[in-house]
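J.: Sequence and predicted structure, then a few things I'm wondering about:
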Amino acid sequence: MRWVDEGLVLQATLSQLRRKDGDAPARTTIRPVQLKDGLHYQFEFHYPNKAKHENVPAAQAGERVAQWLEEHYRQALFKTKEADYQILFSKKGKAAVLKKPATSQAAETADHNRKKNRVLADNAPAPFLIELGIMTAEGKVKDSKMDKYRQINRFLEMVTDVLPHLPTDRPVKVIDFGCGKSYLTFALYHLLVIEKGYQLQVVGLDLKADVIAFCQSLADKLGYEGLKFKVGDIAEYKESASADMVVTLHACDTATDAALAKAVGWGAQVILSVPCCQHELFRQIQNDNLKPLLSHGLLKERFAALATDAARGALLESVGYKVQMLEFIDPEHTPKNLLIRAVAAEVPESVKRRKWDEYVQYRNMLSIDPYLEKALGEERRPRPVIEGEK
Ligand SMILES: C[S@@+](CC[C@H](N)C(=O)[O-])C[C@H]1O[C@@H](n2cnc3c(N)ncnc32)[C@H](O)[C@@H]1O
């Protein structure tokens, strides 16, 4: 089918099953996706309680569409930039093609979104966003969910930047600690598996059994086979011996530190962490020279949060990570807008040692005793610099 092979189809829907008692999906939709190895079409098979996905190279997709149509469906709608084509098959197998004015905005939307740097386009239905109530069934982002939608896109931009640090020759292992309702976990899966064709094994961990049950049922419904959810405490989590990427978004107080320590212990290449509720150091910080700052509760709270994240950054640098402190989303929307992005790097021992010494000086100046330092353990501390070493 030339329209598909040449990438002219922006979206297609095959429907009206020829046989109601067969095991073919009630509806199949296809759309183009640009993967690492070129243009593909993503087939989404809609079964009663779940969807399955398959990415097919564009050059083979036309034949697959023709075959599925012939075997299973009596109706198809192909949306191209120039026109919409509806194909109807009579019971005797005779096809009628109706040409209608183009309705798909996908091409313009894609351009528009590229300009705005959004990974997930508005007006392009993404099943997980529809299920999570962020988009309508037609793919329009709901006004009330615009902030969440922006946050998801911002997160995916940050993930996109670190993709070169993740393996491509085997499944990428990701752990999302304190995943909660998992908007961002589903978004990560969508981006890496469905949009980019990675193999992914993701575990979302949270203390709340009901939330985990909801997330697992949604993953099953969406056909996200590499996405598993488990109930558990971050600090006690022992099921994995390794992870390529550890994500911890808004895990409260020292739960973030427990997650960072696990990530370092596993040698994770990438850590993405949005801390929240940094209470630990609020109770500890003392320095008489800082009295004007520490004697006002509000100022002390804000300072303690920044001081906590500075300690985390310094500790991660002392064990060999390159660390960036990034603005997660516009502070207008939430004060919890700092993202720590850490990437494992080849850092000379002397640099690690210097970072450690800077950290010790800082920690002593504030009279603090952070959880993360203890959780990392003494064995991870950089060794003393040897004379003449670079
Ligand atoms: C504010 S929610 C954030 C959810 C999600 N990561 C997000 O950013 O939308 C924090 C989640 O962390 C979970 N949590 C807090 N401490 C935890 C711990 N020690 N172990 C596992 N989960 C924890 C909570 O149950 C909650 O669901």
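T.: Done, it's in.
J.: On the three-state scheme, the residue in the stretch 1-150 of the chain that the ligand sits nearest to is what?
T.: Nearest to the ligand, among the residues of the stretch 1-150 of the chain, is K148, at 8.8 Å (C-beta to the nearest ligand atom). For every residue, glycine as well, the C-beta is placed using N, CA and C. Per DSSP: H, G, I helix; E, B strand; the rest coil, the secondary structure class of K148 is helix.
J.: Model confidence score at the nearest residue to it once chain neighbours are set aside, please.
T.: Sequence neighbours aside, I134 is the residue nearest to K148 in space, at 5.8 Å (criterion: C-beta to C-beta, 6 or more residues apart in numbering). Note on I134: pLDDT of 93.
J.: Repeat that for the one 3 residues further on.
T.: Reading off the per-residue confidence, A137 sits at a pLDDT of 87.
J.: SS state for it?
T.: coil.
J.: and it, what is it in contact with?
T.: Residues in contact with A137, defined by C-beta atoms under 8 Å, 6 or more residues apart in numbering, are P125, I130.
J.: let's go with 7 Å and repeat that
T.: I130 (C-beta atoms under 7 Å, 6 or more residues apart in numbering).
J.: any idea how far it is from T160?
T.: Using C-beta to C-beta, to the nearest Å, A137 is found at 27 Å from T160.
J.: and the residue of the stretch 1-150 of the chain closest to the ligand, how many neighbours?
T.: The tally of other residues near K148 (other C-beta atoms under 10 Å) stands at 19.
J.: what's the answer for V174, then?
T.: By other C-beta under 10 Å, 27 other residues sit near V174.
J.: Surely it touches Q199?
T.: No. Assessed by C-beta atoms under 7 Å, V174 is found out of contact with Q199, at 11.3 Å.
J.: for the protein, what are the low-confidence residue spans?
T.: Counting by pLDDT under 70, the chain shows low-confidence ranges at 3, 5-7, 36, 104-117, 330-336, 385-390.
J.: What residue in it comes nearest to the ligand?
T.: For the chain, C-beta to the nearest ligand atom, closest residue to the ligand: G180, 2.4 Å.
J.: ok, R27 - how many residues close by?
T.: If you count neighbours by other C-beta under 10 Å, R27 ends up with 17.
J.: what sits against it?
T.: With C-beta under 7 Å, 6+ apart, R27 has these contacts: T13, L14, S15, H46.
J.: give me phi/psi at the third one?
T.: Backbone torsions for S15, taken as degrees, to the nearest 10, come to phi -150, psi -170.
J.: What residues does it make contact with?
T.: Contact partners of S15, counting by C-beta under 7 Å, 6+ apart, are R27, Y73, Q75.
J.: Which residues does the last one form beta bridges with?
T.: Right, Q75. S15, L88 (DSSP bridges).
J.: Spell out which parts of the stretch 201-350 of the chain neighbour the ligand.
T.: Contact residues, the stretch 201-350 of the chain versus the ligand (C-beta under 6 Å from any ligand atom): L205, D206, L207, K208, D233, I234, L249, H250, A251, C252, A255.
J.: Among those, which are located in strands?
T.: Counting by DSSP state E, these place L205, D206, L249, H250, A251, C252 in strands.
J.: I'd guessed the second one sits against K181; true?
T.: Which is D206. No. Applying C-beta under 7 Å, one finds D206 not in contact with K181, separated by 9.0 Å.
J.: Looking at these two, which is more packed in?
T.: The neighbour count for D206 versus K181, taken as other C-beta under 10 Å, is higher for D206 (23 against 15).
J.: and the residue nearest to V97 when sequence neighbours are not counted, what is it in contact with?
T.: Sequence neighbours aside, I87 is the residue nearest to V97 in space, at 5.4 Å (criterion: C-beta to C-beta, 6+ apart). I87 makes contact with Q75, A76, A95, V97 under the criterion C-beta under 7 Å, 6+ apart.
J.: hey, where'd the strands end up in the stretch 51-200 of the chain?
T.: Applying DSSP state E, counting those that start in this stretch to the stretch 51-200 of the chain gives strands spanning 51-57, 73-80, 83-89, 95-101, 172-177, 200-206.
J.: cool, and the stretch 251-390 of the chain?
T.: Here the stretch 251-390 of the chain has its strands, by DSSP E, counting those that start in this stretch, at 270-276, 321-327, 338-344.
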